[in-house]
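S.K.: for reference, the sequence and a predicted model appear below.
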Amino acid sequence: QTIRVDLDKLDRLVNLVGELVITQSMLAQRLSEADLGGTEELSDLEHLTRELQESTMAIRAQPMKTVFSRVPRIIRELEGETGKRVRLEVDGEMTEVDKTVVERIGEPLTHLIRNAVDHGLESTEERIAAGKSAEGVVRLSAAHQSGRIVITVSDDGKGIDRTRVRAKAIERGIVAADATLSDEEIDNLIFAPGFSTAATITNVSGRGVGMDVVRKNIQALGGRIGISSREGHGSSFSLRDRKSTRLNSSH
């Protein structure tokens, strides 16, 4: 059985619960400082408040399927534009996340998918020459990990060319020529505003939306983005929340 509830009423409930959590925390601190006892009752109140907050947020939750269902069409379009063969693997589409994430994760996720196909995957000829299958693989997943939701976009392509990324960053004045950078620091240079290693602007890349915009969109949702890459094996971009209540992903 279901019942329709006006979204404004639901948001009001979420805000009130948030205020309740803050008040409960302040009360606990005051009583602790005053050494007035009541620790058992405080513990019960904290437990009930946490359960109420989790239940309230669960009411706003929606499955990632709403977003994931659009990806196959995007992949088909990219195959036509790039001439590459791509197999999409999807996992965790019924993983539930906050309604706000479902509404706003689509654009950054689409950019990560486009990036994976255009920059990550090699051409069919390059893959065969490297001893790989002619068909590239893009994986999209969502899962709960330690109370957080992690959304991952990964590919089995060539990985990040760190030499090229570093050279481009030096050329643009993003880092000094004599700077000593770890692999992780070099990978994160792709989030610098306006950064691009694309030799030419194509219909797929160079549309004015860089990885810096993707990161800002994720941060606006209360999340962060991380990279894991192995040269010759592919890359993974992970989006995860900071507060363990909202979001997560990777490429």
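M.R.: Thanks, I have it.
S.K.: buried ones in the helix or strand where Glu41 lies, by neighbour count?
M.R.: Glu41 is part of helix 39-60, with elements assigned from DSSP states H and E. Residues 42, 49, 52-53, 56-57, 60 are the ones in helix 39-60 that count as buried (16 or more other CB atoms under 10 Å). Using the backbone N, CA and C atoms, a C-beta is placed for each residue, glycine as well.
S.K.: also stretch 114-124?
M.R.: Going by neighbour count (16+ other CB under 10 Å), the buried part of stretch 114-124 is 114-122, 124.
S.K.: export these to CSV and tack on pLDDT?
M.R.: Below are those laid out as CSV (pLDDT from 0 to 100):
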residue, pLDDT
Arg114, 94
Asn115, 92
Ala116, 94
Val117, 95
Asp118, 92
His119, 90
Gly120, 93
Leu121, 95
Glu122, 95
Thr124, 94
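S.K.: in strands, which of those residues fall?
M.R.: Assigned to strands by DSSP state E, none of the buried residues of stretch 114-124 qualify.
S.K.: using CSV, lay out these together with distance to Gly194.
M.R.: Converted to CSV, the buried residues of stretch 114-124 look like this (distance: CB to CB, whole Å):
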residue, distance to Gly194
Arg114, 17
Asn115, 15
Ala116, 21
Val117, 22
Asp118, 18
His119, 16
Gly120, 20
Leu121, 24
Glu122, 25
Thr124, 31
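S.K.: and which of those residues is nearest to Arg76?
M.R.: Within these, the smallest distance to Arg76 is 10.8 Å, found for Val117 (CB to CB).
S.K.: hmm, that closest one is touching Gly136, no?
M.R.: Yes - using CB atoms under 8 Å, Val117 is in contact with Gly136, at 7.4 Å.
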